[in-house]
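Chemist: Take this sequence and fold it.
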Amino acid sequence: MIRRMSVLIAGVVVTATGIVLTPGDAFAQRQFGVEPPDTWVSIYGIMYTNVSNLNDPGSDSEWVFDDNAFGIGATLQRQVGQSLMLGIDGSYARPKYERHVLDSNVIVASGTAALATAMASGRYGYSGGGDIGFYLQGGMGTVAYNLEDLDGWNADFALQAGTGLEYRFGGNKAVALEWGRTWGYHEKENLSGGNQTHSALKLALRMGF
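Modeler: Numbering: from 1, shown residues only. All right, here's what the predicted structure looks like:
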């Protein structure tokens with residue numbers, strides 16, 4: 001009888017322990033050496049805080065973009081080291097613009113442009129522990145414009161750099177707030193204005209698998 005009661009009590013203790021530990025499974029995984037996901041997919045909203053203007057000496061005009069432009073983007077990255085991730089990133093936004101006569105404020109046209117980026121991207125986690133950490137990010141690829149006053153898309157070589165703060169939860173999910181800058185090297189026939197600089201904030205939701 002005593003032996004049966006001992007077995008029953010032991011079973012109850014094991015069951016109760018499993019129930020109590022279930023909400024902390026992410027922490028338990030880290031404690032017992034289970035590796036986090038290697039591949040992460042991100043969907044983000046983007047808000048441009050600054051978009052450089054484009055000059056067109058051929059028509060003696062300048063495209064002036066609305067700084068507060070919103071868009072969407074996605075990233076696919078793979079863990080390749082303890083703190084390094086590499087992958088691809090793309091974004092798309094629709095800023096409004098006005099076309100001004102150079103050296104004056106006369107508006108000769110207005111409309112909505114398309115602004116897109118496609119990058120080979122990377123990020124390096126450099127600070128933080130546990131579920132919260134800071135990181136550096138960068139990219140190399142292209143930035144492209146589609147303006148109603150031009151014929152089709154105009155793409156240029158571009159670089160990106162920035163920093164972010166990420167919070168991971170549930171073992172394979174994360175949210176992140178990121179600030180970054182894009183440098184576009186714009187040298188097109190009849191459309192030139194030197195290097196273009198765009199600054200933006202991103203709010204991302206990430207899923208690992």
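
Chemist: Skipping adjacent residues, who's closest to Phe134 in space?
Modeler: The spatial neighbour of Phe134 that comes closest, neighbours along the chain excluded (C-beta to C-beta, 6 or more residues apart in numbering), is Ser127 at 4.3 Å. Yep, even glycine has a C-beta here, placed from its N, CA and C like the rest.

Chemist: Tell me the pLDDT of Leu165.
Modeler: In the predicted model, Leu165 carries a pLDDT score of 96.

Chemist: and it, what is it in contact with?
Modeler: By C-beta atoms under 8 Å, 6 or more residues apart in numbering, the contact list for Leu165 reads Ile132, Gly133, Phe134, Tyr135, Ala176, Leu177, Glu178.

Chemist: Looking at those, which one is closest to Tyr97?
Modeler: Distance to Tyr97 across those (C-beta to C-beta) is lowest for Glu178, with 25.0 Å.

Chemist: what bridges to that closest one?
Modeler: On the basis of DSSP bridges, Glu178 takes part in beta bridges with Gly164, Lys202.

Chemist: wait, it sits on Thr163?
Modeler: Yes - A contact is recorded between Glu178 and Thr163 when judged using C-beta atoms under 8 Å, the distance being 7.2 Å.

Chemist: quick one: which of these two has more around it?
Modeler: Comparing Glu178 with Thr163 by other C-beta atoms under 10 Å, the one with more neighbours is Glu178, at 20 against 15.

Chemist: Report the separation between Leu86 and Asp151.
Modeler: As judged by C-beta to C-beta, to the nearest Å, Leu86 and Asp151 stand 35 Å apart.

Chemist: ok so, going back, quickly list what's touching both of Glu178 and Thr163.
Modeler: Residues touching both Glu178 and Thr163 (C-beta under 8 Å, 6+ apart) are Gln137.

Chemist: before we move on, back to that, quick one: pLDDT of the residue nearest to Phe134?
Modeler: We note a pLDDT of 76 for Ser127 in this prediction.

Chemist: what's the answer for Val41, then?
Modeler: In the prediction, the pLDDT value recorded for Val41 is 98.

Chemist: Which one's more surrounded, Leu86 and Asp151?
Modeler: Taking other C-beta under 10 Å, Leu86 and Asp151 do not tie; Leu86 has more neighbours (14 against 7).

Chemist: wait, Leu159 sits on Thr142?
Modeler: No - the pair Leu159 and Thr142 fails to qualify as a contact (C-beta under 8 Å) at a distance of 10.3 Å.

Chemist: buried sites along the helix or strand in which Phe70 is found?
Modeler: Following DSSP states H and E, the helix or strand that holds Phe70 is strand 69-79. Buried positions in strand 69-79, judged by neighbour count with 16 or more other C-beta atoms under 10 Å: Ala69, Gly71, Gly73, Thr75, Gln77, Gln79.

Chemist: Mind checking what helix or strand follows that strand in sequence?
Modeler: Following strand 69-79 in sequence order, the next helix or strand is strand 84-93 (DSSP H and E).
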